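Undergrad: sequence-free structure coming up:
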């Protein structure tokens, strides 16, 4: 019918889960990675929830295609069963035989346990997926939980994925299911798509269906988004009926009336959005406010008409607007960025070279309290000296006088990473002399030249360095470290969590640099002229250009990037790190190829840590892997 009229495949907006039309939005991608992560960790339960039609089952079927070949799957749909019927259904899915004469729960459980032990001995994994799990009874869920009691020293023999509507979260929160709730190792909730995602979703399906020209305008997509609430299934149903309606009246251009009429036909309700809605809302609010003001005036025997009318003048139709969704972007003005950006950090300073920033929006909210100190610096009274001195005293200073101690013992590590012997030597120094070395908080920041700054940075890694012999990055490579250069906010620096070299905002004759050793609340410990100073973070942000450099240790010496399909000993190091993080055994034999199984584990880790989920193990991902290593200095302990 309309397929030939619009020159597309008529199944473009079918509600059947056709993999051909699969579109993964940002949150669908994250949901998929959470499922894969939960299953590959072999830890027990994984929970995926979402409203009706948001794509939960589609995500689950997509996961099936990415699981290893040695995985057996039992998929139970709409389990409105008794515990006995549920266990029988699981056995049927796994093709487990049982007595044909009134088998009981005990027999089902016994057969399932025997099957799981046999499968594990053959190197196979078993996954149970229960769709519409909100329909399960508490008793049935308890029997399912009991199946996970079968385990080895390092893994569960049965992985269970619960998929359901939001009511599932309410069910699992009940005190009777506390044991089940505690065994959930990964959970994710899928919400409706945003306006931008709806736009991409519709155009993706039309493109796959063979559309050669644009069928839905920007205004059409906005209207469809509001009528469907961004729910994929509702979008499919509405778009399919809109195309049919346009074909029926032989209209190649989709109008607002066609969309509204189609919505009434398929949803059985008045359009969710109307051009009269803002006016109606404004009128309703105005009437309520007028009534309230009248009552107030009557009660107080004061009915000052000029005052009342001046109050109502602000309630014009133009001043009362519907509030758009936080994630809604005006498609008609794609070049306008409506995200609030802090004025103290220029957009061009946001880190284009930083691995995290390649796919993630810059989030300045976490350091808002730091940056706001700059804006209100003149308004707020200066902290009293007593409070500042107390903060100085609370920071353990491991300063060693270079002149007196240089011939006795060379300092290898300072601040929080100093060896015990060096710390003890430092504590023996005169407290008065140490305090005199600590700079005043009122003094301006003093930046140093590049080579000396790196010399101080290397000391934090217990490495000697002379800038006259070799470049810093060459010296780092010789000592199994790498350099990392980036641009961004203090939030990004804190996320990477390594001592950092900060470039000054103002270059007089040549760039100046400051070494930040650690962060203590709203203050940072920095190195200036060989001394340690406690400086407010706000002052550092004010004088910092946004450029920074730091040292980091790779998983495998000399390897900065590990990409899918790559071969070599670095893959064994990657598997050992993943095994340690997941609490599993390393693979036997040791892997020498970065396989899809390992890629999925890495992507799940990246998503869990808000990193780009590309599966590439670059500098930033490796730094996150190595958080907590004993031989690494950190900004924040």
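TA: Received it, and whenever you're ready, just let me know what you need. If you're wondering where the values come from, they're calculated on a predicted model, not measured in any experiment.

Undergrad: and residue 557, how far from residue 480?
TA: Using C-beta to C-beta, to the nearest Å, we find residue 557 at a distance of 5 Å from residue 480. To be clear about C-beta, it is placed using only N, CA and C from the backbone, and glycine gets the same treatment.

Undergrad: likewise residue 203?
TA: Taken as C-beta to C-beta, the span from residue 203 to residue 480 is 48 Å.

Undergrad: higher neighbour count, these two?
TA: residue 203 (16 against 12; other C-beta atoms under 10 Å).

Undergrad: now the more buried one: how far from residue 191?
TA: From residue 203 to residue 191 the distance is 21 Å (C-beta to C-beta).

Undergrad: with residue 492 instead?
TA: On the measure of C-beta to C-beta, residue 492 and residue 191 end up 27 Å apart.

Undergrad: more neighbours: these two, which one.
TA: residue 492 (23 against 14).

Undergrad: so the more buried one is in which element?
TA: Secondary structure assignment for residue 492, by DSSP states H and E: helix 490-496.

Undergrad: and the next helix or strand past that helix?
TA: Next along from helix 490-496, by DSSP H and E: strand 500-504.

Undergrad: show me what that following strand is packed against.
TA: When contacts are defined as 3 or more C-beta pairs under 8 Å, 6 or more residues apart in numbering; DSSP states H and E, strand 500-504 packs onto helix 450-459, strand 513-520, strand 544-552.

Undergrad: from the chain's centroid, how far away is it?
TA: Strand 500-504 sits 27 Å away from the centroid of its parent chain (C-alpha atoms, centre = their mean, to the nearest Å).

Undergrad: low-confidence stretches in the stretch 501-637 of the chain?
TA: Scanning the stretch 501-637 of the chain for pLDDT under 70 picks out 507-510.

Undergrad: let's see it at 80
TA: 506-511, 528-531, 588-590, 628, 630, 637 (pLDDT under 80).

Undergrad: which residues touch residue 597?
TA: 40, 68 (C-beta atoms under 8 Å, 6 or more residues apart in numbering).

Undergrad: could you redo the last one with a cut-off of 10 Å?
TA: Shown in contact with residue 597 (C-beta atoms under 10 Å, 6 or more residues apart in numbering): 36, 40, 66-68, 575, 587, 591.

Undergrad: which secondary structure elements does the helix holding residue 492 contact?
TA: The contact analysis (3 or more C-beta pairs under 10 Å, 6 or more residues apart in numbering; DSSP states H and E) places helix 490-496 against helix 368-375, strand 482-487, strand 500-504, strand 513-520, helix 537-543, strand 544-552, helix 619-625.

Undergrad: one more pass at 7 Å, please.
TA: Applying 3 or more C-beta pairs under 7 Å, 6 or more residues apart in numbering; DSSP states H and E, one finds that helix 490-496 contacts no other helix or strand.

Undergrad: quick one: distance of it to the chain centre.
TA: Centre to centre, stretch against its chain (C-alpha atoms, centre = their mean), the figure for helix 490-496 is 15 Å.

Undergrad: quick check: mean pLDDT across that helix?
TA: Averaging pLDDT along helix 490-496 yields 92.

Undergrad: which parts of that helix are buried?
TA: For helix 490-496, the neighbour count (16 or more other C-beta atoms under 10 Å) marks 490-496 as buried.

Undergrad: can you tell me the SS state at the nearest residue in space to residue 452 that is not next to it in sequence?
TA: In space, and not counting its chain neighbours, residue 452 is closest to residue 467: 6.9 Å by C-beta to C-beta, 6 or more residues apart in numbering. Of the three states, residue 467 takes coil under DSSP: H, G, I helix; E, B strand; the rest coil.

Undergrad: domains of this structure?
TA: The record's domain parsing of the chain by automatic domain parsing lists 2-16+194-267, 26-190, 385-552, 569-617.

Undergrad: save the ones you listed as JSON lines, and put in distance to residue 629 too.
TA: Shown next, in JSON lines, are the domains of the chain (distance: least, C-beta to C-beta, whole Å):
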{"stretch": "domain 2-16+194-267", "distance to residue 629": "38"}
{"stretch": "domain 26-190", "distance to residue 629": "21"}
{"stretch": "domain 385-552", "distance to residue 629": "10"}
{"stretch": "domain 569-617", "distance to residue 629": "10"}
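
Undergrad: so which of those is nearest residue 563?
TA: domain 569-617 (5.3 Å; C-beta to C-beta).

Undergrad: residue 259: neighbouring residues, count only.
TA: 26.

Undergrad: quick check, pLDDT for it.
TA: At residue 259, pLDDT is 94.

Undergrad: which ones are touching it?
TA: 220, 223-224, 227, 242 (C-beta atoms under 7 Å, 6 or more residues apart in numbering).

Undergrad: if we go to 8 Å?
TA: Residue 259 touches 220, 223-224, 227, 238, 242, counting by C-beta under 8 Å, 6+ apart.

Undergrad: for residue 221, same thing?
TA: 195, 198-199, 202, 331.

Undergrad: any idea which of these the model trusts least?
TA: Within these, pLDDT is lowest for residue 331, at 46.

Undergrad: now residue 548, which residues is it bridged with?
TA: For residue 548, the beta-bridge assignment (DSSP bridges) gives partners residue 486, residue 502.

Undergrad: residue 631 is nearest to which of the domains of the chain?
TA: Comparing these by C-beta to C-beta, domain 385-552 comes nearest, at 8.2 Å.

Undergrad: of all the buried residues of helix 490-496, which comes closest to residue 128?
TA: residue 495 (36.6 Å).

Undergrad: quick check: the closest one vs residue 624, distance?
TA: Distance from residue 495 to residue 624, by C-beta to C-beta: 8 Å.

Undergrad: return every residue with contacts to both of these two.
TA: Joint contacts of residue 495 and residue 624 (C-beta under 8 Å, 6+ apart) do not exist.

Undergrad: in stretch 236-254, which residues are buried?
TA: 236-247, 254.

Undergrad: repeat for stretch 196-205
TA: 196-199, 201-205.

Undergrad: in helices only, show me those residues.
TA: Counting by DSSP state H, the buried residues of stretch 196-205 place 196-199, 201-205 in helices.

Undergrad: let's verify residue 605: helix, strand, or coil?
TA: Going by three-state DSSP: residue 605 is helix.

Undergrad: and it, how many neighbours does it have?
TA: 22.

Undergrad: show me the contacts for it.
TA: 37, 578, 581, 611, 621, 624-625.

Undergrad: tell me the one of those nearest residue 56?
TA: Distances from residue 56 to those, taken by C-beta to C-beta, are shortest for residue 37, at 16.6 Å.

Undergrad: so the closest one is in which element?
TA: helix 26-40.

Undergrad: so which elements touch that helix?
TA: Short answer (3+ C-beta pairs under 8 Å, 6+ apart): helix 26-40 packs on strand 45-50, helix 56-66, strand 158-164, strand 184-190, helix 596-608.

Undergrad: next up, the contacts around residue 621.
TA: Applying C-beta under 8 Å, 6+ apart, the residues near residue 621 are 355, 602, 605-606, 611.

Undergrad: so how far is residue 499 from it?
TA: Where residue 499 is concerned, residue 621 sits at a distance of 20 Å (C-beta to C-beta).

Undergrad: just residue 45 next, same as before
TA: Counting by C-beta to C-beta, the gap from residue 45 to residue 499 is 40 Å.

Undergrad: same check on residue 54?
TA: 44 Å.

Undergrad: repeat for residue 132
TA: 51 Å.

Undergrad: which one of the two is surrounded by more residues?
TA: residue 499 (26 against 19).

Undergrad: so that one makes contact with residue 552?
TA: No - look at residue 499 against residue 552 with C-beta atoms under 8 Å: they stay out of range, at 10.4 Å.

Undergrad: host element of residue 259?
TA: Going by DSSP H and E, residue 259 is in helix 256-267.

Undergrad: in that helix, what counts as buried?
TA: Taking 16+ other C-beta under 10 Å as the criterion, helix 256-267 shows 258-260, 262-263, 266-267 as buried.

Undergrad: that concludes my questions; thank you for your assistance.
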